[in-house]
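Peer 1: Fold the following.
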Amino acid sequence: MELKDLYPAEGSRKKRKRKGRGPASGNGKTAGRGMNGQLSRAGGGKRAGFEGGQTPLARRLPKLPGFRNINRVEYVPVNVKALEERFEAGDVVDRESLIEKNLVKSYEPLVKVLGDGDLTKALTVKVDKVSKSAQQKIEAAGGKVEEPC
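Peer 2: Numbering: from 1, shown residues only. Presented below is the predicted three-dimensional model:
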């Protein structure tokens, strides 16, 4: 076998269509676009999502009802019951300790302690917000709530 004997496998190479290059090409004159109409013209065609003039799907679907406040602040809730289960007496409950105990995920920015459950241990709570009922339970157990609440 020599270099001159090498050739591509049968059917692996195909000549490209040369459109609009005369009648002998088989794609002359109208270049495979048919006779008249929008699609036969240069630059002709329809935009994405065009549905023949009927109202497009994107405009037929309803918008969400109600008012969406763009300034809404979302807090991740942590109940007093969870603090009772996961923390020892005298511990400091802050964002880092809540992440360690898997009560809050690291990408969740703001935490609020809520008053569901009972608390018997004295804890120091330093989170973004604390509800009034949670604050009463923490202070009743001998703990304290510090800023930034």
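
Peer 1: and E84, how many residues sit next to it?
Peer 2: Burial of E84, expressed as a neighbour count using other Cβ atoms under 10 Å, amounts to 16. For the C-beta atoms, the positions are set from N, CA and C on the backbone; glycine is no exception.

Peer 1: give me the element it is part of.
Peer 2: Mapping E84 onto the secondary structure by DSSP states H and E places it in helix 80-86.

Peer 1: Helix, strand or coil: sort out S133 for me.
Peer 2: Secondary structure of S133, reduced to three states by DSSP: H, G, I helix; E, B strand; the rest coil: helix.

Peer 1: From G142, how far off is it?
Peer 2: For S133, the distance to G142 under the criterion Cβ to Cβ, to the nearest Å works out to 17 Å.

Peer 1: could you pull out the strands for the protein?
Peer 2: In the chain, the strands defined using DSSP state E lie at 76-79, 92-94, 111-114, 124-126, 129-130, 144-145.

Peer 1: re earlier: tell me the buried residues in the helix holding E84?
Peer 2: Taking 16 or more other Cβ atoms under 10 Å as the basis for neighbour counts, the residues of helix 80-86 that come out buried are 80, 82-84, 86.
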